[in-house]
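>>> Provide a 3D model corresponding to the input given below.
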Amino acid sequence: MATCYSSTLVPMTNKLFNSQGTLTEKNSATWYGFHQEIEKRMETILKPYGYENDSDELPDAGSFLLDVEYSFREQNMPFPWAIIFFPEEYALAGHLLSIRPNREIRFFSYSLMAQHRIKSIDPTIDGAPPLSIIYAFSKSAIRDAAATGSPLLRDAWSILADKSENGNWVVIAEALDPAWVQETLKESEDLYFKIMPNVP
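The predicted structure follows:
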């Protein structure tokens with residue numbers, strides 16, 4: 001079964017003073033606090049995607065979670081109501097797009113988040129991008145997607161169903177059933193390009 005953690009939004013204020021002690025600039029921001037246990041769990045999950053915890057050269061799980069946070073901050077987007085991390089990447093982007101009710105559900109992947117290994121992705125050559133992270137910006141969006149009966153979100157929704165809409169949550173989902181994944185892969189790629197016809 002999936003594991004769910006609450007996340008804390010921490011309001012911060014940055015104040016700049018000149019040499020005379022006069023306040024010259026004041027900025028406010030909200031930081032997204034990931035529980036330490038999330039970072040520990042992600043260490044193992046992220047290893048195949050180029051993240052190491054004992055390397056001076058490669059990023060670790062902590063820097064990955066910081067990149068997740070900055071991906072919203074830099075685009076001036078709200079933090080998701082829930083973030084779902086899968087234990088591996090799946091070629092199920094088309095399937096997710098076919099069951100989501102609106103753009104309040106989005107996805108990304110560990111391999112594309114890895115900025116030290118980033119490469120430009122051309123879906124017409126590389127195929128649909130993999131899916132390993134789901135961002136749900138509202139409870140209703142993930143509820144409606146789960147109501148389709150798809151196993152993709154069944155595990156996560158079972159643990160999110162009773163969570164407050166005023167909170168922020170992180171779910172580490174269980175691995176999907178390999179037989180279901182194999183069956184769904186057959187149509188997922190076609191669905192991706194049908195739903196996203198203008199992808200370059």
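>>> so how far is stretch 19-32 from its chain's centroid?
Centroid separation between stretch 19-32 and its chain, computed with C-alpha atoms, centre = their mean, to the nearest Å, is 30 Å.
>>> Could you identify the helix or strand that succeeds the helix or strand of the chain with the lowest mean pLDDT?
Within the chain, no helix or strand scores below helix 123-126, which has a mean of 64 by mean pLDDT, DSSP states H and E. Toward the C-terminus, helix 123-126 is succeeded by strand 131-136 as the next helix or strand (DSSP states H and E).
>>> Next SSE downstream of that following strand?
Taking DSSP H and E, what comes next after strand 131-136 is helix 139-146.
>>> In that following helix, which residues are buried?
Residues of helix 139-146 classed as buried: 139, 141, 142, 144, 145, 146 (neighbour count, 16 or more other C-beta atoms under 10 Å). Backbone N, C-alpha and C define where each C-beta goes, glycine included.
>>> average model confidence for stretch 88-103?
Per-region confidence: stretch 88-103 scores 96 on mean pLDDT.
>>> What are the buried residues along it?
Result for stretch 88-103 [16+ other C-beta under 10 Å]: buried residues 89, 90, 91, 92, 93, 94, 95, 96, 97, 98, 99, 100.
>>> go on, stretch 5-13?
5, 7.
>>> Next: stretch 176-194.
Neighbour-count burial for stretch 176-194 [16+ other C-beta under 10 Å]: 176, 181, 184, 188, 189, 191, 192.
>>> Tell me where the longest helix sits in the protein.
For the chain, the longest helix by residue count, based on DSSP state H, is helix 178-195.
>>> Off-centre distance for that one?
The answer for helix 178-195 is 20 Å, by C-alpha atoms, centre = their mean.
>>> who touches the most centrally placed residue in the chain in this structure?
Taking C-alpha atoms, centre = their mean, the centroid of the chain lies closest to residue 133, which sits 3.6 Å from it. By C-beta atoms under 8 Å, 6 or more residues apart in numbering, residue 133 lies in contact with 68, 83, 84, 85, 86, 107, 108, 109, 110, 113.
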